[in-house]
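Asker: give me the fold of what follows.
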Amino acid sequence: MPVKTKKAKRAKKVKKLTVRATAKKAKKAKMPATKKTAKAVAKKSPAKKAVKRHKQRKTKPAKTSVKKAANKRATKTPTEKTAWKISPAISQSVVEIDIWKKGDLKIEHLTVYRSGWIIVDQLPDLSGYNQDEGVNIFEEFEFEEHQLLDGSQGTSVLPKELPLEECDRLMALSAAELVDEGWTIESATRFSGPLVVEEV
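Answerer: Numbering: from 1, shown residues only. The predicted structure is shown next:
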(Lines give C-alpha, C1' and ligand atoms only; values in the text may rest on other atoms or scores of the structure.)
Protein backbone atom coordinates (compact mmCIF):
# COMPACT_ATOMS: atom_id res chain seq x y z
CA MET A 1 0.00 0.00 0.00
CA PRO A 2 2.61 2.56 0.85
CA VAL A 3 4.28 1.99 -2.52
CA LYS A 4 1.06 2.66 -4.37
CA THR A 5 0.51 5.93 -2.52
CA LYS A 6 3.99 7.17 -3.46
CA LYS A 7 3.32 6.45 -7.12
CA ALA A 8 -0.02 8.23 -6.92
CA LYS A 9 1.62 11.27 -5.35
CA ARG A 10 4.27 11.34 -8.05
CA ALA A 11 1.63 11.10 -10.74
CA LYS A 12 -0.22 14.03 -9.22
CA LYS A 13 3.02 16.10 -9.10
CA VAL A 14 3.77 15.33 -12.74
CA LYS A 15 0.25 16.36 -13.71
CA LYS A 16 0.62 19.63 -11.80
CA LEU A 17 3.98 20.34 -13.45
CA THR A 18 2.63 19.66 -16.91
CA VAL A 19 -0.37 21.87 -16.25
CA ARG A 20 1.92 24.67 -15.09
CA ALA A 21 4.21 24.23 -18.11
CA THR A 22 1.32 24.32 -20.53
CA ALA A 23 -0.08 27.40 -18.77
CA LYS A 24 3.29 29.16 -19.04
CA LYS A 25 3.54 28.24 -22.74
CA ALA A 26 0.06 29.59 -23.31
CA LYS A 27 0.99 32.87 -21.55
CA LYS A 28 4.19 33.18 -23.63
CA ALA A 29 2.26 32.53 -26.79
CA LYS A 30 -0.25 35.27 -25.89
CA MET A 31 2.38 37.86 -24.78
CA PRO A 32 3.86 38.75 -28.20
CA ALA A 33 0.46 39.60 -29.57
CA THR A 34 -0.27 41.95 -26.69
CA LYS A 35 3.17 43.59 -26.96
CA LYS A 36 2.72 44.15 -30.69
CA THR A 37 -0.61 45.84 -30.18
CA ALA A 38 0.84 47.99 -27.41
CA LYS A 39 3.73 49.09 -29.69
CA ALA A 40 1.31 49.84 -32.49
CA VAL A 41 -0.78 52.00 -30.17
CA ALA A 42 2.37 53.72 -28.95
CA LYS A 43 3.44 54.47 -32.54
CA LYS A 44 0.05 55.86 -33.52
CA SER A 45 -0.33 58.25 -30.63
CA PRO A 46 2.75 60.49 -31.41
CA ALA A 47 1.62 60.76 -35.02
CA LYS A 48 -1.71 62.11 -33.85
CA LYS A 49 0.05 64.58 -31.53
CA ALA A 50 2.27 65.77 -34.38
CA VAL A 51 -0.78 66.40 -36.55
CA LYS A 52 -2.40 68.41 -33.76
CA ARG A 53 0.74 70.51 -33.27
CA HIS A 54 0.95 71.17 -37.00
CA LYS A 55 -2.62 72.39 -37.01
CA GLN A 56 -1.91 74.76 -34.14
CA ARG A 57 1.10 76.34 -35.93
CA LYS A 58 -0.91 77.50 -38.96
CA THR A 59 -0.35 81.26 -39.45
CA LYS A 60 -3.30 83.59 -39.63
CA PRO A 61 -3.64 85.93 -42.65
CA ALA A 62 -2.46 89.53 -42.09
CA LYS A 63 -5.07 92.03 -41.04
CA THR A 64 -6.40 94.34 -43.74
CA SER A 65 -5.10 97.43 -41.92
CA VAL A 66 -1.53 96.08 -42.07
CA LYS A 67 -1.89 95.32 -45.79
CA LYS A 68 -3.19 98.84 -46.48
CA ALA A 69 -0.27 100.41 -44.61
CA ALA A 70 2.22 98.34 -46.63
CA ASN A 71 0.54 99.38 -49.89
CA LYS A 72 0.67 103.05 -48.89
CA ARG A 73 4.42 102.85 -48.25
CA ALA A 74 4.99 101.21 -51.63
CA THR A 75 2.98 103.78 -53.59
CA LYS A 76 4.84 106.83 -52.22
CA THR A 77 7.09 108.49 -54.80
CA PRO A 78 10.18 110.54 -53.91
CA THR A 79 9.67 114.29 -54.16
CA GLU A 80 11.46 115.86 -57.10
CA LYS A 81 13.87 118.73 -56.43
CA THR A 82 13.13 122.00 -58.17
CA ALA A 83 15.93 124.09 -59.67
CA TRP A 84 16.11 127.49 -61.35
CA LYS A 85 18.27 128.73 -64.20
CA ILE A 86 19.46 132.36 -63.99
CA SER A 87 20.87 134.09 -67.05
CA PRO A 88 21.18 137.68 -68.41
CA ALA A 89 18.39 138.66 -70.79
CA ILE A 90 20.71 140.78 -72.99
CA SER A 91 23.62 139.39 -74.99
CA GLN A 92 27.18 140.26 -73.86
CA SER A 93 26.07 140.99 -70.31
CA VAL A 94 28.45 138.45 -68.73
CA VAL A 95 31.90 139.74 -67.73
CA GLU A 96 34.73 137.76 -66.16
CA ILE A 97 37.17 140.02 -64.27
CA ASP A 98 40.66 139.03 -63.08
CA ILE A 99 42.23 141.60 -60.77
CA TRP A 100 46.00 141.27 -60.19
CA LYS A 101 47.39 143.16 -57.19
CA LYS A 102 50.90 143.89 -55.96
CA GLY A 103 51.14 146.52 -53.22
CA ASP A 104 49.35 149.61 -54.53
CA LEU A 105 49.51 148.43 -58.15
CA LYS A 106 46.50 146.83 -59.83
CA ILE A 107 45.98 145.19 -63.25
CA GLU A 108 42.43 144.39 -64.41
CA HIS A 109 41.80 141.87 -67.16
CA LEU A 110 38.21 141.69 -68.51
CA THR A 111 36.66 139.02 -70.76
CA VAL A 112 33.14 139.57 -72.11
CA TYR A 113 30.94 136.56 -72.93
CA ARG A 114 27.97 136.47 -75.27
CA SER A 115 25.88 134.61 -72.69
CA GLY A 116 26.05 132.48 -69.60
CA TRP A 117 23.90 130.83 -66.93
CA ILE A 118 23.90 129.29 -63.46
CA ILE A 119 21.62 126.63 -61.87
CA VAL A 120 20.49 127.23 -58.28
CA ASP A 121 18.35 124.97 -56.07
CA GLN A 122 16.51 127.83 -54.29
CA LEU A 123 14.49 130.60 -55.88
CA PRO A 124 16.63 133.74 -55.41
CA ASP A 125 15.36 137.02 -54.03
CA LEU A 126 16.29 139.62 -56.65
CA SER A 127 14.31 142.50 -55.14
CA GLY A 128 17.50 144.47 -54.35
CA TYR A 129 19.22 143.71 -57.68
CA ASN A 130 20.69 146.74 -59.51
CA GLN A 131 20.81 146.13 -63.28
CA ASP A 132 23.51 148.76 -63.91
CA GLU A 133 25.92 147.47 -61.26
CA GLY A 134 25.16 143.81 -61.94
CA VAL A 135 25.92 140.98 -59.51
CA ASN A 136 28.98 138.89 -58.73
CA ILE A 137 27.49 135.42 -59.15
CA PHE A 138 30.15 133.69 -57.01
CA GLU A 139 29.41 136.00 -54.06
CA GLU A 140 25.61 136.25 -54.31
CA PHE A 141 24.55 132.72 -55.31
CA GLU A 142 25.30 129.18 -54.22
CA PHE A 143 25.48 126.90 -57.25
CA GLU A 144 27.30 123.82 -58.49
CA GLU A 145 26.68 124.23 -62.22
CA HIS A 146 27.37 127.20 -64.48
CA GLN A 147 28.50 127.96 -68.02
CA LEU A 148 29.94 130.93 -69.90
CA LEU A 149 29.56 130.93 -73.68
CA ASP A 150 31.54 132.59 -76.49
CA GLY A 151 34.13 134.73 -74.74
CA SER A 152 35.63 137.59 -76.71
CA GLN A 153 39.27 138.67 -76.55
CA GLY A 154 39.93 140.21 -73.16
CA THR A 155 40.93 143.78 -72.50
CA SER A 156 43.37 144.83 -69.79
CA VAL A 157 43.54 147.97 -67.68
CA LEU A 158 47.12 148.69 -66.48
CA PRO A 159 48.31 151.06 -63.76
CA LYS A 160 49.09 154.55 -65.11
CA GLU A 161 52.13 154.92 -62.87
CA LEU A 162 53.97 152.06 -64.65
CA PRO A 163 56.04 152.83 -67.77
CA LEU A 164 54.77 151.43 -71.08
CA GLU A 165 57.71 149.01 -71.37
CA GLU A 166 56.93 147.52 -67.92
CA CYS A 167 53.27 147.19 -68.85
CA ASP A 168 54.17 145.30 -72.04
CA ARG A 169 56.51 143.02 -70.07
CA LEU A 170 53.81 142.24 -67.49
CA MET A 171 51.25 141.54 -70.22
CA ALA A 172 53.59 138.98 -71.77
CA LEU A 173 53.92 137.03 -68.47
CA SER A 174 51.80 133.97 -67.69
CA ALA A 175 49.65 133.72 -64.56
CA ALA A 176 52.25 131.46 -62.88
CA GLU A 177 55.04 133.98 -63.66
CA LEU A 178 53.00 136.86 -62.22
CA VAL A 179 52.50 134.84 -59.02
CA ASP A 180 56.27 134.20 -58.88
CA GLU A 181 56.86 137.96 -59.04
CA GLY A 182 54.55 138.54 -56.05
CA TRP A 183 51.26 139.34 -57.76
CA THR A 184 47.99 137.98 -56.30
CA ILE A 185 44.72 137.46 -58.17
CA GLU A 186 41.06 138.01 -57.33
CA SER A 187 38.44 136.80 -59.81
CA ALA A 188 34.80 137.76 -60.26
CA THR A 189 32.12 136.89 -62.80
CA ARG A 190 29.33 139.44 -63.11
CA PHE A 191 25.89 139.27 -64.67
CA SER A 192 24.43 142.68 -65.53
CA GLY A 193 21.23 144.03 -67.08
CA PRO A 194 17.84 142.33 -66.64
CA LEU A 195 17.99 138.69 -65.49
CA VAL A 196 15.83 135.79 -66.63
CA VAL A 197 14.85 133.21 -63.97
CA GLU A 198 13.44 129.93 -65.35
CA GLU A 199 12.33 126.78 -63.53
CA VAL A 200 14.17 123.72 -64.83
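
Asker: name the helices or strands packed onto the strand ranked longest in the chain?
Answerer: In the chain, taking DSSP state E as the definition, the longest strand is strand 105-120. In this structure, strand 105-120 makes packing contacts with strand 84-88, strand 94-102, strand 145-151, strand 155-157, judged by 3 or more C-beta pairs under 8 Å, 6 or more residues apart in numbering; DSSP states H and E. Every C-beta, even on glycine, is put in place using the N, C-alpha and C of the backbone.

Asker: now the element after the shortest one, going C-ward?
Answerer: In other words, strand 155-157. helix 164-172 (DSSP states H and E).

Asker: and the next element down the chain from that next one?
Answerer: By DSSP H and E, the next helix or strand past helix 164-172 is helix 175-180.

Asker: what packs against that next one?
Answerer: Helix 175-180 packs on strand 184-191, going by 3+ C-beta pairs under 8 Å, 6+ apart.

Asker: in its sheet, what does the strand it packs on sit against?
Answerer: Sheet pairing for strand 184-191, assigned by DSSP bridges, gives strand 94-102 (antiparallel), strand 135-136 (antiparallel).

Asker: of the ones you listed, which is nearest residue 170?
Answerer: Closest of the strands paired with strand 184-191 to residue 170 is strand 94-102, at 8.3 Å (criterion: C-beta to C-beta).

Asker: buried residues in that closest one?
Answerer: By neighbour count with 16 or more other C-beta atoms under 10 Å, strand 94-102 contains the buried residues 94, 95, 96, 97, 98, 100.

Asker: who touches the third one in this structure?
Answerer: Under the criterion of C-beta atoms under 8 Å, 6 or more residues apart in numbering, the contact partners of residue 96 comprise 110, 111, 113, 148, 151, 187, 188, 189.

Asker: filter those down to the buried ones.
Answerer: Among those, the ones that count as buried by 16+ other C-beta under 10 Å are 111, 113, 148, 189.

Asker: is it correct that the first one is in contact with residue 154?
Answerer: Yes - applying C-beta atoms under 8 Å, one finds residue 111 in contact with residue 154, separated by 4.1 Å.

Asker: how is this structure divided into domains?
Answerer: Domains of the chain are assigned by automatic domain parsing as 2-75, 84-199.

Asker: mean pLDDT lowest where, among those?
Answerer: Lowest mean pLDDT of the domains of the chain: domain 2-75, a mean of 51.
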